[in-house]
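Asker: Dropping the sequence and predicted coords here.
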Amino acid sequence: MFDGEPSRALEKLAGTGQRGVCGAVWGNNDIAYRCRTCLKWADLYETTLHVVEDIRFVMSHSLAPRYVTHDRRNILRTWMKQLAFVQGMNPQ
């Protein structure tokens, strides 16, 4: 059943509809589904941190902010939309 990656094993268990070791039926309200959801949120969190750090690195150079604000306004608009979206998110 377990062939390397935990999330794949959990997906297989969640899709079977069988009873697990503790007798619980595997489905959308079980531990496998919740673990898989947590793994997805963890990946999203890591990706978000990488994007924010990349933006900080780029904007720390003196030429980059001037280039973005004067020459590439479409990039600036996109960043502002993303920042507004992230700031408006409810963490709970």
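Answerer: Done, it's in.
Asker: What count of nearby residues applies to residue 52?
Answerer: Look at residue 52: counted by other CB atoms under 10 Å, it has 13 neighbours. To be clear about C-beta, it is placed using only N, CA and C from the backbone, and glycine gets the same treatment.
Asker: For residue 45, give its distance to residue 78.
Answerer: According to CB to CB, to the nearest Å, residue 45 and residue 78 sit 21 Å apart.
Asker: ok, then the element right after the lowest-mean-pLDDT helix or strand in the chain?
Answerer: In the chain, the helix or strand scored least confidently by mean pLDDT, DSSP states H and E is helix 6-16, which has a mean of 54. Past helix 6-16, further along toward the C-terminus, the next helix or strand under DSSP states H and E is helix 31-59.
Asker: tell me what that following helix is packed against?
Answerer: helix 6-16 (3 or more CB pairs under 8 Å, 6 or more residues apart in numbering; DSSP states H and E).
Asker: Now residue 60: phi and psi?
Answerer: The phi/psi pair for residue 60 (degrees, to the nearest 10) reads phi -80, psi -20.
Asker: which residues touch it?
Answerer: Contacts for residue 60 were tallied using CB atoms under 8 Å, 6 or more residues apart in numbering; there are none.
Asker: Could I get the pLDDT score of it?
Answerer: We note a pLDDT of 80 for residue 60 in this prediction.
Asker: From residue 35, how far off is it?
Answerer: For residue 60, the distance to residue 35 equals 38 Å [CB to CB].
Asker: Check residue 55 too.
Answerer: Distance of residue 55 to residue 35, given as CB to CB: 31 Å.
Asker: which outside residues touch stretch 62-76?
Answerer: Contacts for stretch 62-76 (CB under 8 Å, 6+ apart): 58, 59, 79.
Asker: any weak-confidence spans in this protein?
Answerer: Scanning the chain with the threshold set as pLDDT under 70 gives 1-34, 89-92.
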